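Asker: Would you be able to build a 3D model of this:
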Amino acid sequence: MAVTLDIAALRARQEIPASTLAAAQAPAVNLAATKGDGLGCHAGKDVMRAAAAEAGMSETLDRLAKDYPVGPHDQPQSMCPAFGSLRVGLRMRRTATILSGSACCVYGLTFTSHFYGAKRSVGYVPFNSETLVTGKLFEDIREAVFLTAKPADYDAVVVINLCVPTASGVPLRLLPKEIDGVRIIGIDVPGFGVPTHAEAKDVLAGAMLRFARTEAEQGPVQAPRAGRSERPTVTLLGEMFPADPVVIGAMLEPLGLAAGPVVPTREWRELYAALDGAAVAAIHPFYTASIREFEAAGRPIVGSAPVGVDGTADWLDRIGEACAVPRGLVEAAKNRLLPPIRGVLAAAPIQGRITLSGYEGSELLVGRLLIESGADLRYVGTACPRTPWAEADRDWLEARGVQVKFRASLEDDLAAMREYRPDLAVGTTPVVQKAKEAGTPALYFTNLISARPLMGVAGAGSLAKVINAALGNKGRFDAMRGFFEGVGTGHAAGVWEAVPQLRKSVARAPAPKKHDQGLLLDNTPIGEMA
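Answerer: Residues are numbered from 1 along each chain as shown. Sure, this is the predicted structure:
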């Protein structure tokens, strides 16, 4: 379905009977597409893309496709990507967030955001077939923005279009840029255009940086809450463990530098300080839209991060070059910082074969740290894309025999687990589930690995304890598998009041092949997108 909106007509629109509206719009609108499995969550990505293009959203879709190119899987296999943008908005002071999308999607997103600790309301503009078709939805969004944009309460109001409004061409770009000094940021984050929630964080961060850069180019802007740093700063790009910016700041101090804001920021005024940095450290290298804004502001971009000995040495070299730090200061800093990292890694070795996968964007950094800790790492899979700022980490890992897979699908991660037969699988929930079913110890990447410091000496010793504890659980898994063998599987699956009996007369589906560790060898898609 496509809808062409005449904004002048919309703003002058008089309430008329719905039947008259429907008749007037009939030649331009496929009403059947708004019903049942037409233009909705179940329409399919191809239908949604075609509808969005027909509705005048081609430029938006082309930009998303360029910034976030798809890979072997061209749709999300984790949570709704819009959660990333929602999370960024909810973590910012004096920022309101309004969602426009199907009610079921909004419910899921708000539930997930509150599950992760958000203590802030999320605005929602509901719609139905009529308001979507007639353009009344845009009017409702505009009204909600005007009601919300109170300068005493907010610096910015973020409006996020989900799949259906994007496919229908609801034009957030036509919202006012500001209302009484409150900035209005409208973004489209459709599941058929943004592959992961990690990249959706960049969609909003990039839009905010673009707005802030325009403001800074026009005249003086608000200083950071703590004031401007006396030393040149390095902006840190990508969400990270709270201790990591502090550790990075300590490593920058011998260079005469300081750690700047972390983007996505926690307050609007921090965006100006981020743009004011001497350089940008792309800790998460897939923030393409944000990097575009920093480059437009003339800021050099440095990829990778100070993880392990090699990573820290290389990162300090490149930060020194980007910020014109004298070579003597860089070498002195390395001589001071590297021995403690090397000592901590040697004191907490990791011994075991590991496969690693996730969708947060820090997977390659964790892989480097595991190898320098002594682990036999065979595979690193990330749902995020390959970018120029990830090349140093990819080259380093591949030089040490690690298979690196960008835009890795769940099927890729499971295939690696079958091929390499790890002592420990670190991955997403379905990967962990499959590993444990086969008796292989496993850890959930997001909560147990990425939620730890990774940088400098603090990161050097952060993984060994949890990894080694998990590696030591192999015997427990074997005992549990032996005890529960056959329970709740096959003919015994389900709830029974008596002992289940295998009925020979009932046709059974052929069982998938297994290798000697019990891992499935078929390629049937699993998970939410099966």
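
Asker: Okay, helices next: where are they in the stretch 351-500 of the chain?
Answerer: Remark: helices assigned in the stretch 351-500 of the chain by DSSP state H, counting those that start in this stretch are 363-372, 391-399, 410-420, 429-437, 445-448, 456-460, 464-471, 474-483.

Asker: I'd like the average pLDDT over stretch 162-170.
Answerer: For stretch 162-170, the mean pLDDT works out to 90.

Asker: Okay, buried residues for stretch 179-187 please.
Answerer: Taking 16 or more other Cβ atoms under 10 Å as the neighbour-count basis, stretch 179-187 is seen to contain the buried residues 179, 182-187. C-betas here are computed from N, CA, C, even on glycine.

Asker: which ones among the residues you listed are found in helices?
Answerer: Cross-referencing the buried residues of stretch 179-187 against helices under DSSP state H gives no overlap.

Asker: what's the most distant pair in those residues?
Answerer: Ile179 and Ile187 (17.1 Å; Cβ to Cβ).

Asker: burial measure for the residue nearest to Arg327 when sequence neighbours are not counted, as a count.
Answerer: In this structure, Arg327 finds its nearest non-sequential neighbour in Gly320, 7.1 Å apart by Cβ to Cβ, 6 or more residues apart in numbering. Here the count is done by other Cβ atoms under 10 Å, and Gly320 has 22 residues near it.

Asker: ok, now Asp62?
Answerer: Asp62 sits with 12 neighbouring residues when counted by other Cβ under 10 Å.

Asker: go on, Ala53?
Answerer: Ala53: 17 surrounding residues under other Cβ under 10 Å.

Asker: show me what contacts it?
Answerer: Leu61 (Cβ atoms under 8 Å, 6 or more residues apart in numbering).

Asker: if you set the cut-off to 10 Å instead, what comes out?
Answerer: 2, 59-62, 167, 169 (Cβ atoms under 10 Å, 6 or more residues apart in numbering).

Asker: before we move on, the earlier item: so can I have a markdown table of the helices of the stretch 351-500 of the chain showing distance to Val122?
Answerer: Compiled in a markdown table, the helices of the stretch 351-500 of the chain are given as follows (distance: least, Cβ to Cβ, whole Å):
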| stretch | distance to Val122 |
| --- | --- |
| helix 363-372 | 29 |
| helix 391-399 | 35 |
| helix 410-420 | 29 |
| helix 429-437 | 24 |
| helix 445-448 | 22 |
| helix 456-460 | 34 |
| helix 464-471 | 33 |
| helix 474-483 | 40 |
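
Asker: sorry, back to before: in terms of distance to Ala324, which of the contacts of Ala53 ranks first?
Answerer: Among those, and counting by Cβ to Cβ, the member closest to Ala324 is Asp62, at 37.2 Å.

Asker: tell me the secondary structure for that closest one?
Answerer: Counting by DSSP: H, G, I helix; E, B strand; the rest coil, the backbone at Asp62 sits in helix.

Asker: Can you check the pLDDT for it?
Answerer: pLDDT, Asp62: 77.

Asker: Check the gap between it and Pro69 for me.
Answerer: With the distance defined as Cβ to Cβ, to the nearest Å, Asp62 ends up 12 Å from Pro69.

Asker: hang on, Leu345 is in a helix, isn't it?
Answerer: Yes - residue assignment for Leu345, taken from three-state DSSP, places it within a helix.

Asker: Can you verify my assumption that it contacts Val457?
Answerer: Yes - Leu345 is in contact with Val457 according to Cβ atoms under 10 Å; the separation is 9.3 Å.

Asker: can you pull out the strands in the stretch 1-150 of the chain?
Answerer: Secondary structure of the stretch 1-150 of the chain (DSSP state E, counting those that start in this stretch): strands at 95-100, 123-124.

Asker: Out of those strands, indicate the one that is most buried.
Answerer: Here the criterion is mean neighbour count by mean count of other Cβ atoms under 10 Å, and of the strands of the stretch 1-150 of the chain the winner is strand 95-100, at a mean of 25.

Asker: Quick one: list the elements packing against that strand.
Answerer: In this structure, strand 95-100 packs against helix 82-90, helix 103-115, strand 123-124, helix 136-148, strand 156-161, helix 163-167, strand 182-188, helix 197-218, with contacts taken as 3 or more Cβ pairs under 10 Å, 6 or more residues apart in numbering; DSSP states H and E.

Asker: got JSON lines for the helices of the stretch 351-500 of the chain, with mean neighbour count too?
Answerer: Conversion of these to JSON lines gives the following (neighbours: other Cβ atoms under 10 Å):
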{"stretch": "helix 363-372", "mean neighbour count": "25"}
{"stretch": "helix 391-399", "mean neighbour count": "16"}
{"stretch": "helix 410-420", "mean neighbour count": "21"}
{"stretch": "helix 429-437", "mean neighbour count": "19"}
{"stretch": "helix 445-448", "mean neighbour count": "16"}
{"stretch": "helix 456-460", "mean neighbour count": "24"}
{"stretch": "helix 464-471", "mean neighbour count": "17"}
{"stretch": "helix 474-483", "mean neighbour count": "12"}
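
Asker: out of the ones you listed, which comes closest to Gly381?
Answerer: Put simply, out of the helices of the stretch 351-500 of the chain the one that sits nearest Gly381 is helix 410-420, at 4.9 Å, with distance taken as Cβ to Cβ.
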